[in-house]
Every structure is written in C-alpha cells, then in structure tokens.
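[1] Next one to model:
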Amino acid sequence: MRRITATIVTTLTLIIGIGGAHAAQAPKPTHSPSTTRMEVIPKEHQPTIKFRHGDISWLPQLAAEAGWPPHTWKRLGSIVLRESSGCPNIRGGDIVNKNCEVIGHDGSNHRSDTSLLQINGINYNPKRNKYAPICTQMKICTQEPLLDALTNLKAGLLLFRVTGSDWSPWIVPEGGW
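    Now for the predicted structure:
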C-alpha cells in the first residue's frame, strides 16, 4: 500500500509541476541488530549445521526450510529440546553425548520414535497403521529417512497439520508416557 501511495504522490507531483520527486533513503541504524531476530539465510550461504546436545540455534533456518511458519518456532523449539535435545540421529531411548553421538541406550522399548521430533512408527509404518500419514502422504514408510533433520521437520509439519495444528502428537498425557 505504501508503494502505491508513493507512486501516486510522485506521479502527481511530476504532473502538476510542484517539484521533482526525490528518493528517500532510510537512515542507517544507530544500534546493532537484535540478537533475537530470526531471519532465514539463503540456502547457498548456509553453513553446515553442527548439531550439539541442547543447542537449537539452527532451528529457525531448518524450520523455515521445512515450511514451519515463524509463529510456531518457539513451541517447536521447546518440543525439539524435550524430545531429542536437538539431536537428529537418535531413536527412542538413545543416550547421546554433547556432540549428539549415540553412546548408549536406556533400555526402554520405544525404538520407533525417531529424530528431532521423535516421530513414532504409528505415523510412518503401514504395518502398524494402514493410514500412517507420513507413509501415505510423503511416501516415507520406514524410519531411516526420518533420521534426516530436514525430513523429520517436514514430517512433523505434516503431523501438525493433519491433527489440526493443535500440537497433539507431542502433548504428554497426564501421568506421562
């Protein structure tokens, strides 16, 4: 709307001869940019992500690439930290070191939970659920592709949308799992 208004004013100014149009330049900022501002870096300029336990500084970039709207990133970050501590290469029960390297298992029986969002096999394995949305809609019907961080976030977005954007796949029931 501002661009249209500026075009009309400039055109009228030139037509009626009140004066010449001058391009205004925005003043240079007098302070450094906010460190909380989230912006997306073009793919060709993105550094390789180094995943570290408890660090999700990479999330805005990857979430944007996966299609998550910016208003969801804060909640998404909380879920990623709770589910995987920001380590994409894990399956349910894996124990990792500070570099997200798997160093053990806690003995639990939920190995189908996968990667950043710990997506459960019920959502990708047609042997467990013939309507598994990740399998039927993304054609990902095994766990291995979901160990990729971007693929996992895309699959999570599908679940988020399929369930009505209510975060229900990641809501812990009263009393825990």
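[2] burial of residue 116, as a residue count?
    Number of residues near residue 116 (other CB atoms under 10 Å) recorded here: 31. Where C-beta positions appear, they are placed from N, C-alpha and C, glycine not excepted.
[3] Quick check: pLDDT value at the most centrally placed residue in the chain.
    Nearest to the mean C-alpha position of the chain, by CA atoms, centre = their mean, lies residue 63 at 1.9 Å. Listed pLDDT for residue 63 reads 98.
[4] Which secondary structure state does it sit in?
    Look at residue 63: counting by DSSP: H, G, I helix; E, B strand; the rest coil, its state is helix.
[5] which residues touch it?
    By CB atoms under 8 Å, 6 or more residues apart in numbering, the contact list for residue 63 reads 72, 73, 76, 153.
[6] As JSON lines, these with pLDDT, secondary structure and distance to residue 58 would be great.
    As requested, the contacts of residue 63 are arranged in JSON lines below (pLDDT from 0 to 100; DSSP: H, G, I helix; E, B strand; the rest coil; distance: CB to CB, whole Å):
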{"residue": "72", "pLDDT": "97", "secondary structure": "helix", "distance to residue 58": "16"}
{"residue": "73", "pLDDT": "97", "secondary structure": "helix", "distance to residue 58": "12"}
{"residue": "76", "pLDDT": "98", "secondary structure": "helix", "distance to residue 58": "12"}
{"residue": "153", "pLDDT": "98", "secondary structure": "helix", "distance to residue 58": "11"}
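[7] Could I have the buried ones of these as ChimeraX selection syntax?
    Of the contacts of residue 63, the buried ones can be selected in ChimeraX as follows, counting by 16 or more other CB atoms under 10 Å:
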select :73,76,153
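[8] Include distance to residue 130 when you put the contacts of residue 63 into a markdown table, please.
    Compiled in a markdown table, those are given as follows (distance: CB to CB, whole Å):
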| residue | distance to residue 130 |
| --- | --- |
| 72 | 29 |
| 73 | 33 |
| 76 | 28 |
| 153 | 25 |
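[9] correct me, but residue 56 touches residue 87?
    No - Residue 56 is not in contact with residue 87 according to CB atoms under 8 Å; the separation is 10.2 Å.
[10] show me where pLDDT drops low in this protein?
    For the chain, the stretches flagged by pLDDT under 70 are 1-47, 175-177.
[11] all helices of this protein, in order?
    2-16, 59-66, 73-84, 133-138, 149-162 (DSSP state H).
[12] For residue 82, give me its contacts.
    Contacts of residue 82 by CB under 8 Å, 6+ apart are residue 170.
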